[in-house]
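Trainee: show me the folded form of this:
(one chain, ligands or ions: 2)
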Amino acid sequence: MAFPHRAPRLHRPAPEALEIPDPLARSRPVLDVARMGAADREAMARGIPGLVLMEAAGQAVARAIRARWSRRPVVVLRGPGNNGGDGSVVARILARHGWRVRVLDLAPDAPLHGDAAVMARRWRGPTLPLTPEALGPEGLESQTLGPGELVVDALFGAGLSRPLAGLARAVVERISALGLDCVAVDIPSGIDGDTGQILGAAPRATLSVTFCHPKPGHLLMPGREYSGTLVVADIGIPPAVVAAQAPTTHVNAPGLWALPAPARSGHKYHRGHVTVMAGTRLTGAARLAGLGARRVGAGLVTLAGPGSALPALGVDQPGALLWDLDQDGPLETLLADRRRTTFILGPGRGRSPATAEAALTLAASGRAVVLDADALTSLAGFRPRLARALAGPCVLTPHDGEYAALFGDLDTGPDRLDRARKAARAVGAVVVLKGPDTVIAAPDGRAALTANAPPTLATAGSGDVLAGLVAGLMAQGLGPFEAASAAVWLHGAAAARHGPGLIAEDLPRLIPAVLADPGLGLATGSGG
Ligand SMILES: NC(=O)C1=CN([C@@H]2O[C@H](COP(=O)(O)OP(=O)(O)OC[C@H]3O[C@@H](n4cnc5c(N)ncnc54)[C@H](O)[C@@H]3O)[C@@H](O)[C@H]2O)[C@@H](O)CC1
Ligand SMILES: [K+]
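Mentor: Ligands and ions are numbered 1, 2, ... in the order given. Okay, here's the model as predicted:
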């Protein structure tokens with residue numbers, strides 16, 4: 001039998017096998033539109049020509065497309081600015097690799113400027129005007145966008161300044177209606193880069209290729225959903241240029257925080273003592289919070305509640321301590337023990353003036369405090385008192401409803417990053433604004449955007465576990481911003497390990513496997 005004299009043809013990787021490194025697996029800066037623009041200008045001022053950056057941007061998009069898809073007809077929707085300039089580069093490079101490419105110009109009569117004009121001249125292939133006729137069912141399907149065609153959305157990026165209207169809106173809606181694969185250059189046109197909100201309309205991209213670092217709009221809903229798979233390409237902007245923009249927002253992932261490794265010589269009091277203030281009913285919420293704190297490494301956890309609640313509180317946690325608020329003493333007695341470093345108030349506590357008073361007492365105690373659920377709604381109307389009372393590290397964990405109760409008067413729009421930041425500043429505490437795109441904000445302006453939480457986390461009791469994780473990390477010495485960010489990430493990572501059918505009780509059990517991830521540096525147990 002003769003040996004084949006040609007090497008076997010390599011298989012083109014199936015999309016599932018495509019190895020695009022997850023740009024959100026480690027923490028990195030998130031650049032708002034103004035900082036990204038400033039970084040671009042600074043890079044150019046340091047001698048990197050804009051054309052070089054644009055060529056690198058277009059090349060990165062073309063590379064991502066070629067990695068993901070095999071050759072197919074492509075239509076590049078080209079806008080009037082530099083996003084369109086990137087689109088011209090994508091068209092040229094794909095065509096050079098033998099792809100059939102057409103450019104559809106949004107504003108064929110508008111004069112192009114600067115780098116975008118240069119790149120448009122370097123594209124010598126077919127270019128059609130985007131006209132109303134091209135958008136009719138006859139035009140778009142039969143002439144302009146054929147079945148199976150790949151759309152490159154290079155209409156608008158960072159320069160989006162108003163809602164999409166007219167032809168731009170019509171073409172974007174047509175892409176979605178036809179269910180075509182769409183690659184967004186930088187960000188889907190119509191998604192606000194700073195807020196993730198849709199301005200008018202936006203295409204649902206299969207893939208978005210952005211440059212240098214992600215923008216808030218890639219991580220905040222609905223922008224995150226519209227962005228599809230995110231690729232972040234290095235286009236040669238030096239890290240020092242990015243650092244000079246002093247980014248205050250980061251991707252919430254390892255690197256933003258480091259988990260406390262248990263010291264070999266340590267004992268349980270070195271790992272903090274978390275006290276969960278429970279109510280009479282819904283004791284499950286306090287138990288879940290206690291489990292969260294214990295699994296993440298708190299040395300001791302006390303579940304404190306009224307005498308009538310104690311049998312239920314202790315039912316399934318032999319390792320937790322119990323405190324009878326009627327027999328053993330009230331909150332003040334607990335606070336007299338300085339080794340009680342950390343408190344949780346809210347889960348299952350009940351909404352009442354007494355809960356608000358307990359929250360204010362804890363805030364003034366100087367201990368690390370997590371205020372969640374009923375503590376937040378009970379504090380409605382007491383925010384100025386809370387802000388004045390706060391004497392120690394404090395984390396508030398509202399979902400949107402609890403946010404409305406406590407911060408509804410703040411002047412914010414739908415932008416969740418802005419909402420969390422303003423709330424943190426208003427009260428002087430770290431705010432975890434929970435949702436599919438949980439935002440953590442500190443009073444000093446730092447913020448973290450989370451992208452690892454699967455939708456299965458939206459289940460009763462999951463927030464109670466989160467409160468426990470935050471407290472458990474603060475008990476071990478993490479600052480409130482780091483503890484809150486790490487807890488939110490661990491919570492998402494635990495849920496992601498489970499898949500469908502997740503219930504809150506599963507989450508604490510999944511935490512050890514997450515902590516064993518080598519990327520977190522705890523697996524060897526070699527803490528000093
Ligand atoms: N040096 C740089 O600044 C680089 C920029 N790059 C690209 O440049 C993009 C930003 O470019 P630009 O600042 O030129 O902005 P864009 O290209 O995003 O859009 C600006 C143009 O769109 C118009 N416009 C905005 N919103 C509109 C709407 N709703 N309807 C109709 N017209 C609208 C504006 O009037 C302006 O003419 C980035 O997103 C990125 O793709 C890359 O080339 C990398 C380098
Ligand atoms: K775009």
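
Trainee: nearest spatial neighbour of residue 236, skipping sequence neighbours?
Mentor: Leaving aside its chain neighbours, residue 236 sits nearest to residue 56 (5.4 Å; criterion: Cβ to Cβ, 6 or more residues apart in numbering). Every residue, glycine included, has its C-beta placed from N, CA and C.

Trainee: state the distance from residue 207 to ligand 1.
Mentor: Distance, residue 207 to ligand 1, using Cβ to the nearest ligand atom, to the nearest Å: 14 Å.

Trainee: just to revisit the earlier point, got a list of what the residue nearest to residue 236 touches?
Mentor: 211, 233, 235, 236 (Cβ atoms under 8 Å, 6 or more residues apart in numbering).

Trainee: quick one: buried ones out of these?
Mentor: Buried members of these, counted by 16 or more other Cβ atoms under 10 Å: 211, 233, 235.

Trainee: does the second one touch residue 208 like I think?
Mentor: No: under the contact definition of Cβ atoms under 8 Å, residue 233 does not touch residue 208, with a separation of 10.7 Å.

Trainee: could I get the buried ones among the contacts of residue 56 in CSV, plus columns for pLDDT and distance to residue 436?
Mentor: Output for the buried ones among the contacts of residue 56, formatted as CSV (pLDDT from 0 to 100; distance: Cβ to Cβ, whole Å):
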residue, pLDDT, distance to residue 436
211, 97, 25
233, 96, 26
235, 97, 29
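
Trainee: tell me the one of those nearest residue 262?
Mentor: Taking Cβ to Cβ as the measure, residue 262 lies nearest residue 233 of these, at 39.5 Å.

Trainee: so who does the closest one touch?
Mentor: 56, 57, 60, 61, 63, 64, 209, 210, 211, 212.

Trainee: the residue in the stretch 251-400 of the chain that ligand 2 sits nearest to - how many residues pack around it?
Mentor: The minimum distance from the stretch 251-400 of the chain to ligand 2, using Cβ to the ion, falls at residue 251 (20.9 Å). Neighbour count of residue 251, defined by other Cβ atoms under 10 Å: 26.

Trainee: what's the answer for residue 338, then?
Mentor: Quick note: residue 338 (other Cβ under 10 Å) scores 8 neighbours.

Trainee: which phi and psi does the residue of the stretch 251-400 of the chain closest to ligand 2 have?
Mentor: phi -70, psi 130 (degrees, to the nearest 10).

Trainee: return the residues in contact with the nearest residue to residue 446 once chain neighbours are set aside.
Mentor: In space, residue 446 comes closest to residue 248 once its chain neighbours are excluded; the distance is 5.5 Å by Cβ to Cβ, 6+ apart. Residues counted as contacts of residue 248 (Cβ under 8 Å, 6+ apart) are 445, 446, 447.

Trainee: and this structure, what are its domain boundaries?
Mentor: 15-251, 271-515 (automatic domain parsing).

Trainee: out of those, which one sits most buried?
Mentor: domain 271-515 (a mean of 21; mean count of other Cβ atoms under 10 Å).

Trainee: sorry, back to before: between the buried ones among the contacts of residue 56, which sits nearest residue 267?
Mentor: For these, the nearest to residue 267 is residue 233 (49.0 Å; Cβ to Cβ).

Trainee: any idea how far ligand 1 is from the closest one?
Mentor: 10 Å.

Trainee: could you do residue 292 as well?
Mentor: 41 Å.

Trainee: surely that residue touches residue 461?
Mentor: No: here residue 292 lies out of contact with residue 461, judged by Cβ under 8 Å, at a distance of 10.0 Å.

Trainee: next, the contact list for residue 357, please.
Mentor: Contacts of residue 357 (Cβ under 8 Å, 6+ apart): none.

Trainee: phi, psi of it?
Mentor: Per-residue torsions, residue 357: phi -60, psi -40 (degrees, to the nearest 10).

Trainee: tell me the pLDDT at it?
Mentor: Residue 357 is assigned a predicted lDDT (pLDDT) of 97.

Trainee: how close does it sit to residue 330?
Mentor: For residue 357, the distance to residue 330 equals 11 Å [Cβ to Cβ, to the nearest Å].

Trainee: export the buried ones among the contacts of residue 56 to CSV and tack on distance to ligand 2 and secondary structure?
Mentor: Below are the buried ones among the contacts of residue 56 laid out as CSV (distance: Cβ to the ion, whole Å; DSSP: H, G, I helix; E, B strand; the rest coil):
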residue, distance to ligand 2, secondary structure
211, 12, strand
233, 14, strand
235, 15, coil
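
Trainee: farthest-separated two in the contacts of residue 233?
Mentor: It's 63 and 212 that sit farthest apart of the contacts of residue 233, by Cβ to Cβ, at 15.7 Å.

Trainee: mind checking pLDDT for the residue nearest to residue 446?
Mentor: pLDDT, residue 248: 97.

Trainee: contacts only, for the one residue sitting closest to the centre of the chain.
Mentor: Of all residues in the chain, the one closest to the mean position by Cα atoms, centre = their mean is residue 450, 2.6 Å from it. By Cβ under 8 Å, 6+ apart, the contact set of residue 450 is 219, 252, 437, 438, 439, 440, 485, 488, 489, 492.

Trainee: what do you get if the cut-off is 10 Å, keeping everything else the same?
Mentor: Shown in contact with residue 450 (Cβ atoms under 10 Å, 6 or more residues apart in numbering): 24, 219, 251-253, 432, 434-440, 485, 488-489, 491-492.

Trainee: among the residues you listed, which are in helices?
Mentor: 219, 485, 488, 489, 491, 492 (DSSP state H).

Trainee: near ligand 2, which of those show up?
Mentor: Contacts with ligand 2 are made by none of the ones in helices among the contacts of residue 450, judged by Cβ under 5 Å from the ion.

Trainee: now what about the helix or strand harbouring residue 102, what contacts it?
Mentor: Assigned by DSSP states H and E, residue 102 belongs to strand 101-105. For strand 101-105, the surrounding residues in contact (Cβ under 10 Å, 6+ apart) are 73-80, 84, 87-88, 90-95, 112, 120, 123, 125-131, 134, 140, 143-146, 149-152, 154-155, 171.

Trainee: now do the SS call for residue 387.
Mentor: helix (DSSP: H, G, I helix; E, B strand; the rest coil).

Trainee: just list the residues touching it, thanks.
Mentor: Counting by Cβ under 10 Å, 6+ apart, residue 387 has contacts 363, 425, 426, 427, 428, 429, 443.

Trainee: which stretches of the chain have low pLDDT?
Mentor: Residue ranges of the chain with pLDDT under 70: 1-20, 135-146, 264-265, 523-528.

Trainee: the stretch 301-450 of the chain: strands as residue ranges?
Mentor: 321-324, 342-345, 368-371, 394-396, 430-433, 439-441, 447-449 (DSSP state E, counting those that start in this stretch).

Trainee: how about those strands in JSON lines, adding distance to ligand 1?
Mentor: What follows is the strands of the stretch 301-450 of the chain, written out as JSON lines (distance: least, Cβ to the nearest ligand atom, whole Å):
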{"stretch": "strand 321-324", "distance to ligand 1": "55"}
{"stretch": "strand 342-345", "distance to ligand 1": "43"}
{"stretch": "strand 368-371", "distance to ligand 1": "39"}
{"stretch": "strand 394-396", "distance to ligand 1": "35"}
{"stretch": "strand 430-433", "distance to ligand 1": "27"}
{"stretch": "strand 439-441", "distance to ligand 1": "23"}
{"stretch": "strand 447-449", "distance to ligand 1": "19"}
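
Trainee: so for residue 272, which of those strands sits nearest?
Mentor: strand 342-345 (5.7 Å).

Trainee: strand partners (parallel or antiparallel) of that closest one?
Mentor: Applying DSSP bridges to the sheet, strand 342-345 is found paired with strand 273-277 (parallel), strand 368-371 (parallel).

Trainee: next structured bit after the longest one?
Mentor: The helix or strand immediately downstream of strand 273-277 is helix 283-295, counting by DSSP H and E.

Trainee: rewinding a little: and ligand 1, which of the contacts of strand 101-105 reach it?
Mentor: Residues of the contacts of strand 101-105 in contact with ligand 1 (Cβ under 6 Å from any ligand atom): 79, 80, 84.
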